[in-house]
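Undergrad: Please work out how this folds:
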Amino acid sequence: MTLKSPHAVRACKNALRSDRGQAQVEFALVVIFLFLLVLAILEMFFFMNTYNVLANSAKEGVRYAIVHGYNNSSSAGPTCPCAKIDGPAGPSLAAAEDPTNTSYGIVKTFAQYSLHDTTSMTVTVTYPGGDAAPANKTPNLVQVVVTYPYHPFFGLGWPTVTVNAAAEGRIMN
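TA: Alright, predicted model coming up:
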């Protein structure tokens, strides 16, 4: 029977409780968390960009409806046979704003320059509280609501969110 010295027993216990590799494990856990945090922040930037594009597109549609009211030679609204506000995207903003070209919409044409898919975008033009007939006559209001299904850029199991943006103005022409 051999007796072990207390120094040898302590050295054996220290060898069993070695801290080697602990830093690598902690680093791996922290890096995964930080990577997901950076991706979430980038995703929020993309989401805010999408909302800003939709809001500016709605404002552009309201601006067009205000300027091209009932008294204008190229009017826009429910009495107009053209879909100048909520029509499909055009090849250029100038083509969409051309009063003789009735096949393109202002809102989707404006939004297409931000590289968003305008085919899934829904544009709703209403004239709330229209007392004067027709609805697109001064001093009635015009409201443009743009709805867009936002698909996360990175995916990662994040859900699709419907983004709504609206603008409203009073018809002056």
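Undergrad: Was I right to think A95 contacts Y104?
TA: Yes: A95 is within contact range of Y104, at 5.8 Å (criterion: C-beta atoms under 8 Å). (C-beta placed from N, C-alpha, C; glycine too.)
Undergrad: out of those two, which sits in the busier spot?
TA: For A95 and Y104, the more surrounded residue by other C-beta atoms under 10 Å is Y104, and the numbers stand at 21 against 12.
Undergrad: Over to that one. Which of the three states is it?
TA: What DSSP: H, G, I helix; E, B strand; the rest coil gives for Y104 is coil.
Undergrad: what's the closest non-adjacent residue to it?
TA: Distances taken as C-beta to C-beta, 6 or more residues apart in numbering put G90 closest to Y104, at 3.0 Å, once the chain neighbours are dropped.
Undergrad: do you know how far the spatially most central residue of the chain is from H7?
TA: The C-alpha lying nearest the average C-alpha coordinate of the chain belongs to T50 (C-alpha atoms, centre = their mean; 2.2 Å). For T50, the distance to H7 (C-beta to C-beta, to the nearest Å) stands at 68 Å.
Undergrad: next one: A40
TA: 52 Å.
Undergrad: what about these two, which has more around it?
TA: A40 (13 against 8).
Undergrad: residues contacting the nearest residue to T50 once chain neighbours are set aside?
TA: Nearest residue to T50 in three dimensions, chain neighbours excluded: Y150, at 5.3 Å (C-beta to C-beta, 6+ apart). Applying C-beta atoms under 8 Å, 6 or more residues apart in numbering, we find Y150 in contact with F47, T50, T160, V161, T162, V163.
Undergrad: For the second one, which residues are in contact?
TA: So that's T50. Taking C-beta under 8 Å, 6+ apart, one finds H116, Y148, Y150, V163 in contact with T50.
Undergrad: so it, which of the three states?
TA: T50 ends up helix, using three-state DSSP.
Undergrad: Give me the pLDDT for A111.
TA: Listed pLDDT for A111 reads 89.
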